[in-house]
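> okay, predicted coordinates and the sequence, questions at the end:
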Amino acid sequence: DTGVSQDPRHKITKRGQNVTFRCDPISEHNRLYWYRQTLGQGPEFLTYFQNEAQLEKSRLLSDRFSAERPKGSFSTLEIQRTEQGDSAMYLCASSPMGNTIYFGEGSWLTVV
Amino acid sequence: AQSVTQLDSHVSVSEGTPVLLRCNYSSSYSPSLFWYVQHPNKGLQLLLKYTSAATLVKGINGFEAEFKKSETSFHLTKPSAHMSDAAEYFCVVSDQTNDYKLSFGAGTTVTVRA
């Protein structure tokens, strides 16, 4: 399978704990994105990498959120001190420059 | 800023009958528009995209959409629904300057009756 891969697919955590999600983009895609989708809504843009550089962060991304793409390949999204409002599906996507964006299957987060 | 509005939150059709999902866009420029589909517990799959070429765009699985500038619409159609078309459909517009930023509609849930 050469699509965008996300891990874990499902995570249940207690409020206040830290969680980390990993995304492996399609090989040779230099752009990588994170989106968040809550129940009954369309996805919302969170952040964007071109190679290893994080070029934009949405205002939705509070200080508790941090994303990295250290070698321009895989990326991680960490949420510190989780809150119930963080419960959502976190979608990773990738693309070549200026082309179609391909999404992964998402990582579901439930904060209890 | 660009945005899209999906006019129906739910659409129910019988298998073998046409499907119409309505989307209006708001943009100050000629936009890039997309339709994505999301099956239960799955990621988003691109159905088709419009990028200022032909106004009638053909996508995968028999879907097509027509860009109508005068009506600011980008409706999605399929002549004959299949049970496997039951899913959530999103109309999407990309930012002109930053084409990596997609703005999604709220989605239309399609139910297909046997």
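Yep, it's here.

> the closest residue to residue B:71 other than its chain neighbours: what's it in contact with?
Excluding its sequence neighbours, the residue lying closest to residue B:71 (CB to CB, 6 or more residues apart in numbering or on different chains) is residue B:24, at 7.7 Å. Just so you know, the C-beta spots here come from the backbone N, C-alpha and C atoms, and that holds for glycine as well. For residue B:24, the contact set (CB atoms under 8 Å, 6 or more residues apart in numbering or on different chains) comprises B:4, B:5, B:7, B:71, B:72, B:73, B:74.

> residue B:24 in helix, strand or coil?
What DSSP: H, G, I helix; E, B strand; the rest coil gives for residue B:24 is strand.

> any idea how far it is from chain A?
15 Å (CB to the nearest CB, to the nearest Å).

> please report the distance of that residue from residue B:110.
18 Å (CB to CB, to the nearest Å).

> again, but for residue B:103
Separation of residue B:103 from residue B:110 (CB to CB) stands at 21 Å.

> quick one, grab the pLDDT at whatever residue of chain B ends up closest to chain A.
Residue of chain B nearest chain A, by CB to the nearest CB: residue B:104 (2.9 Å). Note on residue B:104: pLDDT of 93.

> skipping adjacent residues, who's closest to it in space?
residue A:42 (2.9 Å).

> quick check on the one you found: phi, psi?
According to degrees, to the nearest 10, the main-chain angles of residue A:42 amount to phi -80, psi 160.

> is chain B contacted by stretch A:15-34?
Yes: for stretch A:15-34 and chain B, the contact criterion (CB under 8 Å from any CB of the partner chain) is met by A:31, A:33.

> run the chain-centre distance for that stretch.
4 Å (CA atoms, centre = their mean, to the nearest Å).

> need the residues of chain A near chain B, please.
By CB under 8 Å from any CB, the part of chain A that sits against chain B consists of A:4, A:31, A:33, A:35, A:40-45, A:48, A:56, A:91, A:93, A:95, A:98, A:100-106.

> thank you kindly, that will do.
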